[in-house]
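Novice: Let me see the structure of the following:
(chains A and B)
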Amino acid sequence: MSLFLRDYLNVVWFGIAALAVGGLLLGLAAAIRPSKPNYDKSLAYESGVDPVGMGWSQSQIRYYVFALLFVIFDVEAVFLFPWAASAERYGTFGLVAMLVFIVLLLDGLVYAWKRGLLRWV
Amino acid sequence: MLAQLAAEFPDFWPEWSIPYWLMSILRVVGGLVAVLLPAGGIVYLFLFKMMSFMQSRLGPMEAGPYGSMQLLAEVGKWMQKEDLAPENADLRIYRMAPLIVLVSTFLLIVVVPFGPQAWFTNFETGIFYALAVGSVSVLGILIAGWSSANKYSLLGGLRAGGQLIAYELPMVLATLGVVIQAESMNLNRIIEVQNTGEIFGIGWFGNPFIITQFVGFLIFMIAVQAELTQAPFDMPIAESELVSGYMTEYSGFRFLIFFIAEFATAGVFSFIAAALFLGGWGVPFEWFGWDNLGDVAWWMNFVGPVIMFTKMFALVGVIMWVRFSYPRFREDQLQTFAWKVLIPLALANTAVTAILKVVL
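Specialist: Numbers count the residues shown, from 1 in each chain, chains lettered A, B, ... in the order given. This is a model prediction of the structure:
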């Protein structure tokens, strides 16, 4: 296995360690804690009154525009990082190209702003 | 195979090195310390004591000297609490959610270097990996909010989702300035550049990027505050509106795991901020006559973690100071601030840094 993959293998060990620690503590707690379930305990909490309707109620989704914008700008970041890591080597040409790219995306943000999409209705 | 690796990569696999399995165990133990020690320290120092003193009270005093054993007492208490779940909850993923949040914290600590050789992984794309993995916790929070089958939880989870993606971007863009200056995404390399650099010929204190990237540092810390959902960005768990947001239905140890993960993540993000902007584990290399990373003396592997922990506690202290001092934003102000102020500012910072880097 190459050193490159070996480094990423450490990530797997850490993930397993986290699950082991969490599992161990939860298991320990499961051995100690009492368990006397009844109907009132299993009701959804609504500040003391009986719950009205389902918990998964419909609510207005205001996030989809933000989610779309997020995808656009996150992808932009993916393109910016390789250039940023060697900005000096790409020189003036790379700089101008990337500035054009940034300005174009900024233009997208300004467009969304002008359309009033960034307002929390 | 080890001998071959040692011959090929003398820097990464030196002669004195120990077998891979032992190294892995050491790393995992080190990782546990680096996650749990900050979590406990932050809760005791800042949440129990600093907040109490700021509010003219003493805080916990009974358990141990000055209440220092309070945390153990709390763990013992939470362990005995019954594990409740609402009857309509989606049980399997309801129980999984806290673990997902905890795993994301552990995956994040992997990139933090604590010394010239004292690292868990030495990714070439270290900071990029950190930003990618940092957003996994959103999934755990959304899952917790949805699976609880509770209106408060659902609203809290959705708010957390909207907030975390909005502040992810300023954070990513703020690190771009650092990457441009250091010309690398490897955190150890970024630290090396800061400790060997100089500002206009003055080099006795290196070039910690907090000076040249001050705007980036500010944006990064504000984004960290929001990512950790600490006040004034704590709408997802706003107790006066949503009881406890996505954590409302959790009790006993599952709640405690959310709680531990929150403060452990505060520690890890502060570690990363220290590595990016404050010079990380290093002291200016000039003081000891080191030229580059390979020259650094072996004892920095033991002094480095101490320096890192000091810087981490200082940064968390600032985060908590802000948390205890400011009232909560309104939800629309939160989104507006991210999209109309921080993101354009971060993009401008990137552009200016790049222009100066190429021109100078």
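Novice: What average pLDDT does stretch B:269-284 get?
Specialist: When pLDDT is averaged over stretch B:269-284, the result is 88.
Novice: Between the two ends of it, how far is it?
Specialist: Using CA to CA, to the nearest Å, the end-to-end distance of stretch B:269-284 comes to 23 Å.
Novice: how about it against chain A, any contact?
Specialist: No - shown here: stretch B:269-284 not in contact with chain A (CB under 8 Å from any CB of the partner chain), separated by at least 13.2 Å. For glycine as for every other residue, the C-beta is placed from the backbone atoms N, C-alpha and C.
Novice: Does at least one residue of the helix or strand harbouring B:G30 sit close to chain A?
Specialist: Element membership for B:G30 (DSSP states H and E) is helix B:20-42. Yes - using CB under 8 Å from any CB, helix B:20-42 reaches chain A at B:Y20, B:S24, B:R27, B:V28, B:G31, B:L32.
Novice: After that helix, heading C-terminal, what element do we hit next?
Specialist: Counting by DSSP H and E, the next helix or strand C-terminal to helix B:20-42 is helix B:51-54.
Novice: quick one, the helix or strand following that next one and helix B:20-42 angle?
Specialist: Next helix or strand after helix B:51-54 toward the C-terminus (DSSP H and E): helix B:70-79. Counting by axes from the mean of the first three to the mean of the last three CA atoms, to 10 degrees, helix B:70-79 lies at 100 degrees to helix B:20-42.
Novice: contacting residues around B:F271?
Specialist: Contacts here follow CB atoms under 8 Å, 6 or more residues apart in numbering or on different chains; on that basis B:F271 touches B:A34, B:P38, B:I109, B:V112, B:M308, B:M312.
Novice: mind listing what B:L256 touches?
Specialist: Neighbours of B:L256 in contact, by CB under 8 Å, 6+ apart: B:E74, B:V75, B:W78.
Novice: Please give the element, helix or strand, for it.
Specialist: Using DSSP H and E, B:L256 maps to helix B:252-277.
Novice: Show me what secondary structure element comes after that helix.
Specialist: helix B:300-325.
Novice: What does the pLDDT read for B:G201?
Specialist: Reported pLDDT for B:G201: 70.
Novice: Could you pull up phi and psi at it?
Specialist: Taking degrees, to the nearest 10, you get phi 90, psi -10 for the backbone angles of B:G201.
Novice: how far away is it from B:L360?
Specialist: 13 Å (CB to CB, to the nearest Å).
Novice: now do A:L95
Specialist: Plainly put, A:L95 is 12 Å away from B:L360 if you go by CB to CB.
Novice: next one: B:S148
Specialist: Distance from B:S148 to B:L360, by CB to CB: 54 Å.
Novice: Just want to know which of the two has more residues nearby.
Specialist: B:S148 (29 against 7; other CB atoms under 10 Å in any protein chain shown).
Novice: which residues touch the residue lying closest to the more buried one once chain neighbours are set aside?
Specialist: Residue nearest to B:S148 in three dimensions, not counting chain neighbours: B:E249, with 4.2 Å by CB to CB, 6 or more residues apart in numbering or on different chains. By CB under 8 Å, 6+ apart, the contact list for B:E249 reads A:A44, A:Y45, B:L84, B:A85, B:P86, B:A89, B:Y94, B:S148, B:A149, B:N150, B:S153.
Novice: List the backbone torsions phi and psi for the first one.
Specialist: Think A:A44. According to degrees, to the nearest 10, A:A44 has phi -70, psi 140.
Novice: Please tell me I have it right and it contacts B:N88.
Specialist: Yes - in this structure A:A44 lies within contact range of B:N88 using CB atoms under 8 Å: 6.7 Å.
Novice: Compare neighbour counts for these two and give me the winner.
Specialist: Neighbours of A:A44 and B:N88, each counted by other CB under 10 Å, are more numerous for A:A44; the result is 21 against 17.
Novice: on that earlier part again, from the residues of helix B:20-42 next to chain A, which one has the minimum pLDDT?
Specialist: B:Y20 (76).
Novice: Would you mind confirming that B:A149 makes contact with B:I93?
Specialist: No - counting by CB under 8 Å, B:I93 is not a contact partner of B:A149; they are 11.3 Å apart.
Novice: Between those two, which has more neighbouring residues?
Specialist: Shown here are B:A149 and B:I93; by other CB under 10 Å, B:A149 has more neighbours (20 against 14).
Novice: Show me the residue sitting in the middle of chain B in space.
Specialist: With distances taken as CA atoms, centre = their mean, the residue of chain B nearest its centroid is B:F269 (1.5 Å).
Novice: wait, what's in contact with that one?
Specialist: Contact analysis of B:F269 by CB under 8 Å, 6+ apart lists B:L108, B:G134, B:V224, B:E227, B:L228.
Novice: any idea how far A:M54 is from the residue nearest to the second one when sequence neighbours are not counted?
Specialist: Pointing back at B:G134 there. Leaving aside its chain neighbours, B:G134 sits nearest to B:L108 (5.8 Å; criterion: CB to CB, 6+ apart). Distance of B:L108 to A:M54, given as CB to CB: 35 Å.
Novice: Between the two, point out the one with more neighbours.
Specialist: Each of B:L108 and A:M54 has its neighbours counted (other CB under 10 Å); B:L108 has more, 26 against 12.
Novice: Does that one lie in a helix or a strand, and which?
Specialist: helix B:91-109.
Novice: Please pull up the helix or strand immediately following that helix.
Specialist: Helix B:91-109 is succeeded, C-terminally, by helix B:126-134 (DSSP H and E).
Novice: Now that next one - C-alpha only, CSV.
Specialist: In CSV, the C-alpha atoms belonging to helix B:126-134 read as follows (Å, rounded to 0.1, in the frame of the first residue of the first chain):
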residue,chain,number,x,y,z
GLY,B,126,-5.0,19.0,4.5
ILE,B,127,-7.0,22.2,4.8
PHE,B,128,-9.3,21.2,1.9
TYR,B,129,-10.0,17.9,3.6
ALA,B,130,-10.8,19.7,6.9
LEU,B,131,-13.3,22.0,5.1
ALA,B,132,-15.0,19.0,3.4
VAL,B,133,-15.3,16.8,6.5
GLY,B,134,-16.3,19.8,8.7
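Novice: Check which residues of it are buried.
Specialist: Neighbour counts over helix B:126-134 (16 or more other CB atoms under 10 Å in any protein chain shown) mark B:G126, B:I127, B:F128, B:Y129, B:A130, B:L131, B:V133, B:G134 as buried.
Novice: just the residues you listed now: which is nearest chain A?
Specialist: B:F128 (5.7 Å; CB to the nearest CB).
Novice: Grab the nearest non-local neighbour of that closest one.
Specialist: Nearest to B:F128 is B:M185, by CB to CB, 6+ apart, at 5.3 Å.
Novice: Figure out the helix or strand that the one you found lives in.
Specialist: With DSSP H and E as the test, B:M185 turns up in no helix or strand.
Novice: Show me the longest helix that occurs in chain A.
Specialist: helix A:3-32 (DSSP state H).
Novice: Now do the same for that helix: mean pLDDT, whole number.
Specialist: 84.
Novice: what's the angle from that helix to helix B:91-109?
Specialist: Using the same axes, to 10 degrees: helix A:3-32 against helix B:91-109 is 130 degrees.
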